[in-house]
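[1] show me the folded form of this:
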Amino acid sequence: MDENRSGVAKSLNPCARTSILGDAAHLLMLISLWVVFVLIVNPCGEFMVNDDWAFTKALENLVTHGSLGSTGWGPGWAPGGPSLIAHLLWARLFIELFGFSLTVLRISVLFLGILASLGFWLLLRFSGNSRAVCFVATLTLILNPLFFSQCFTFMTDITFLSFAIFSMLFIFI
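    Next up, the predicted model:
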């Protein structure tokens, strides 16, 4: 085990119950904060935010025609980039489960944002940081105005970031 991971391995050792309980307590605090933030902002409503219309249009094309179509910007679907494909497939999963609505689309991205923040905390923890540093850094991510506001839209930014965070996390594991 290399030097950076040795402290983390001890702290994340399943035999160390106090460590696991401490980690779980911090993750539970982050989830509780998310619950409060969601109750304050309330993502419910059938309205578009920023450029949601373009990604909704691409999703409608995927659902109705079974193919990737234009986002409304330029030729083809390229303006959404590679994260658009994952974004649309993630949203399709949610609309298959809960039906098509703008609220469901925003909640799908919000759910990814919450997962991304928890994954970020784990990534920091696996890289050898203390719980306090992980908590403050993750809170900084969550409360960043760009991250926070994008969690309540149906745009690809949070989808891209969540996949990037989990890719890095799986490299560490």
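[2] quick one: contacts for Val124?
    One thing to correct before we go on: residue 124 is Leu, not Val. Shown in contact with Leu124 (Cβ atoms under 8 Å, 6 or more residues apart in numbering): 133-134, 137-138. Placement of C-beta: from N, CA and C, glycine included.
[3] again, 6 Å this time
    Contacts of Leu124 were listed using Cβ atoms under 6 Å, 6 or more residues apart in numbering, and they are 134, 137.
[4] that one and Val136, how far apart?
    Distance check for Leu124 against Val136: by Cβ to Cβ, to the nearest Å, it reads 10 Å.
[5] for this protein, which segments are assigned as helices?
    Secondary structure of the chain (DSSP state H): helices at 3-11, 17-41, 52-65, 82-98, 102-126, 131-143, 145-150, 157-172.
[6] pLDDT below threshold where in the chain?
    Judged against pLDDT under 70, the low-scoring parts of the chain cover residues 1-18, 69-81.
[7] could you redo the last one with a cut-off of 80?
    Of all residues in the chain, those with pLDDT under 80 make up the ranges 1-20, 67-82.
[8] which of the helices of the chain sits most buried?
    helix 102-126 (a mean of 21; mean count of other Cβ atoms under 10 Å).
[9] that helix vs helix 17-41, what angle?
    Between helix 102-126 and helix 17-41, the angle formed by their directions is 150 degrees, by axes from the mean of the first three to the mean of the last three Cα atoms, to 10 degrees.
[10] relative to helix 157-172, how tilted is helix 102-126?
    Going by the same axes, to 10 degrees, helix 102-126 makes 30 degrees with helix 157-172.
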